[in-house]
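1. need coordinates for the following:
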Amino acid sequence: MFKITAYGVRPIEVPYFHKLNHNHYDLNLVPDLLDQQNANVAKGSDGVLLRGNCQADRHNLEQFKEWGINYVFTRTVGVDHIDLPAAQELGITVARVPSYSPYAVAELALTLGMTLFRKVGAELTNTHAGRFTVADSYFSKEIHSSTVGIIGCGRIGAAEARLYAGMGTTVLGYDPNSSDPHQKNGIPLVDLPELLQRADLVSLHVPLIAGQTENLIGATELQMMKPAAILINTARSQVVNLAAVTTALQHHQLGGYGADVVVDERHIFGNDFATLADLPSPELRHLMEHFPNVIITPHVGSFTEPALQDMITTSYQNFATTIATGTCPNVVQ
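-> Okay, the predicted model is just below:
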């Protein structure tokens with residue numbers, strides 16, 4: 001029986017791994033993310049299944065290869081947690097899940113956006129501290145008569161665009177990879193400066209590509225935005241220059257920042273810190289301590305039932321097809 005060791009399986013996810021196991025794989029479900037201390041629990045397995053923030057570096061891949069593990073798959077879209085050159089050199093096949101329910105991340109991005117747009121984050125901070133006065137800073141526009149800019153108009157960006165359009169919002173998009181310069185997935189496209197200048201809320205849905213999308217939003221781009229505009233990042237932390245965001249917030253050049261991603265997530269998400277002072281990122285800690293118009297969620301964008309089922313089902317199919325044919329459509333070259 002083909003044995004799969006799956007890392008980063010939360011307790012609530014275990015029944016889904018078993019219910020969807022129509023191929024009757026022998027499952028070794030590990031709650032912790034892969035690191036250099038727990039790689040050995042995969043010994044005796046035929047394949048490994050990862051989650052984001054697992055440490056599939058050269059050291060661990062060499063260990064897997066030594067133990068006869070030739071398949072290191074991930075149940076995520078992104079593969080930046082896997083050393084792909086090392087995997088190729090070692091002859092390890094890597095496959096991913098190219099898509100899952102786009103509404104999972106889109107709905108969270110919308111929720112973060114609307115929470116900041118209507119100043120709910122700051123209002124909650126104050127009312128929970130006993131302050132029930134209505135501050136001038138709570139004054140808000142209405143989203144139906146505003147403009148939302150979507151950067152990255154793939155399945156997730158398009159899903160969020162539809163949600164906003166359903167409320168009567170004007171939606172603009174920017175996507176440098178679109179074959180049509182005028183529209184993508186029904187979203188009218190403009191260049192990045194125009195989108196930043198016109199949008200009351202900007203939402204990011206681009207992959208992290210070194211030299212292309214890294215620091216896509218920095219000081220120059222933030223200065224193009226309206227001073228009260230909201231920036232939402234549910235893509236990858238490195239797409240936004242956090243220092244520039246901090247400066248913009250300090251000088252009231254940005255209305256709010258919401259993110260489901262942070263730098264060095266592997267050392268932050270999944271941990272229970274006694275106080276915010278224990279957070280190992282001074283930059284992130286400063287943002288969370290000093291700005292009630294900043295909302296950080298612990299990378300829960302894909303943490304919905306439909307998304308989880310899509311991820312597991314596709315991952316199992318990736319294994320089945322690769323076992324039968326030697327490859328699958330979702331292999332990462």
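2. which residues of the chain fall in strands?
-> Here the chain has its strands, by DSSP state E, at 3-7, 26-30, 47-50, 71-74, 147-151, 170-174, 183-184, 187-188, 201-204, 230-233, 256-259, 294-296.
3. can you show me the CA trace of the fourth one as PDB?
-> So that's strand 71-74. What follows is strand 71-74, C-alpha atoms only, in PDB (Å, rounded to 0.1, in the frame of the first residue of the first chain):
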ATOM      1  CA  TYR A  71       7.500  12.200  -4.400                       C
ATOM      2  CA  VAL A  72       7.400  15.500  -2.500                       C
ATOM      3  CA  PHE A  73       4.100  17.100  -3.200                       C
ATOM      4  CA  THR A  74       2.400  20.200  -1.800                       C
END
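4. for residue 127, which of the strands of the chain is the nearest?
-> Nearest to residue 127, of all the strands of the chain, is strand 294-296, at 15.7 Å by Cβ to Cβ. Where you see a C-beta, it was placed from the backbone N, CA and C, and this is true even at glycine.
5. residue ranges with poor pLDDT in the stretch 51-200 of the chain?
-> For the stretch 51-200 of the chain, no stretch has pLDDT under 70.
6. quick revisit: redo the strands of the chain as CSV? Include mean neighbour count and distance to residue 195.
-> What follows is these, written out as CSV (neighbours: other Cβ atoms under 10 Å; distance: least, Cβ to Cβ, whole Å):
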stretch, mean neighbour count, distance to residue 195
strand 3-7, 23, 38
strand 26-30, 16, 42
strand 47-50, 28, 34
strand 71-74, 26, 31
strand 147-151, 27, 4
strand 170-174, 22, 5
strand 183-184, 18, 13
strand 187-188, 18, 10
strand 201-204, 28, 7
strand 230-233, 28, 12
strand 256-259, 24, 17
strand 294-296, 21, 22
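7. among those strands, which comes closest to residue 224?
-> Here strand 201-204 is closest among the strands of the chain (Cβ to Cβ), at 10.1 Å.
8. biggest helix in the protein by residues?
-> Scanning the chain for the helix with the most residues, using DSSP state H, yields helix 305-325.
9. stretch 33-48: end-to-end distance?
-> One end of stretch 33-48 sits 12 Å from the other (Cα to Cα, to the nearest Å).
10. who's in contact with it?
-> With contacts defined as Cβ atoms under 8 Å, 6 or more residues apart in numbering, stretch 33-48 is touched by 2-8, 28, 30, 32, 50-51, 53-57, 59-60, 63-64, 67-73, 266, 270, 319.
11. so how far is stretch 325-333 off the chain centroid?
-> 24 Å (Cα atoms, centre = their mean, to the nearest Å).
12. residues of it that come out buried?
-> 328, 330, 331, 332 (16 or more other Cβ atoms under 10 Å).
13. next one: the residue lying closest to the first one once chain neighbours are set aside, what pLDDT does it get?
-> I take that to be residue 328. Spatial nearest neighbour of residue 328, excluding adjacent residues (Cβ to Cβ, 6 or more residues apart in numbering): residue 321 at 3.9 Å. At residue 321, the model reports a pLDDT of 98.
14. for residue 212, give me the pLDDT.
-> Here, the pLDDT recorded for residue 212 equals 87.
15. now do it against residue 102, distance only.
-> With distances taken as Cβ to Cβ, to the nearest Å, residue 212 is found 22 Å from residue 102.
16. contacts only, for the residue nearest to residue 328.
-> Applying Cβ under 8 Å, 6+ apart to residue 321 gives the contacts 327, 328, 329.
17. next, give phi and psi for the second one.
-> Per-residue torsions, residue 328: phi -150, psi 160 (degrees, to the nearest 10).
18. how about the helices in the stretch 1-150 of the chain?
-> Secondary structure of the stretch 1-150 of the chain (DSSP state H, counting those that start in this stretch): helices located at 14-19, 58-66, 84-90, 102-117, 120-127.
19. can I get those helices in JSON lines including mean neighbour count and distance to residue 199?
-> Listed next are those as JSON lines, based on neighbours: other Cβ under 10 Å; distance: least, Cβ to Cβ, whole Å:
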{"stretch": "helix 14-19", "mean neighbour count": "13", "distance to residue 199": "37"}
{"stretch": "helix 58-66", "mean neighbour count": "17", "distance to residue 199": "41"}
{"stretch": "helix 84-90", "mean neighbour count": "15", "distance to residue 199": "34"}
{"stretch": "helix 102-117", "mean neighbour count": "22", "distance to residue 199": "11"}
{"stretch": "helix 120-127", "mean neighbour count": "16", "distance to residue 199": "19"}
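20. can I get the CA coordinates of stretch 286-304 in CSV?
-> In CSV, the C-alpha atoms belonging to stretch 286-304 read as follows (Å, rounded to 0.1, in the frame of the first residue of the first chain):
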residue,chain,number,x,y,z
HIS,A,286,5.3,47.8,15.8
LEU,A,287,2.5,47.8,13.3
MET,A,288,0.2,45.8,15.5
GLU,A,289,0.9,47.7,18.6
HIS,A,290,0.6,51.3,17.2
PHE,A,291,-2.0,51.2,14.4
PRO,A,292,-5.6,50.2,15.1
ASN,A,293,-6.1,50.5,11.3
VAL,A,294,-3.9,47.4,10.7
ILE,A,295,-5.4,43.9,10.7
ILE,A,296,-3.3,40.8,10.6
THR,A,297,-4.8,37.3,10.3
PRO,A,298,-2.8,34.1,10.7
HIS,A,299,-2.8,32.9,7.1
VAL,A,300,-6.4,31.6,7.1
GLY,A,301,-7.3,32.5,3.6
SER,A,302,-7.6,28.9,2.4
PHE,A,303,-9.0,27.6,5.7
THR,A,304,-12.5,26.8,4.5
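21. understood, closing this out.
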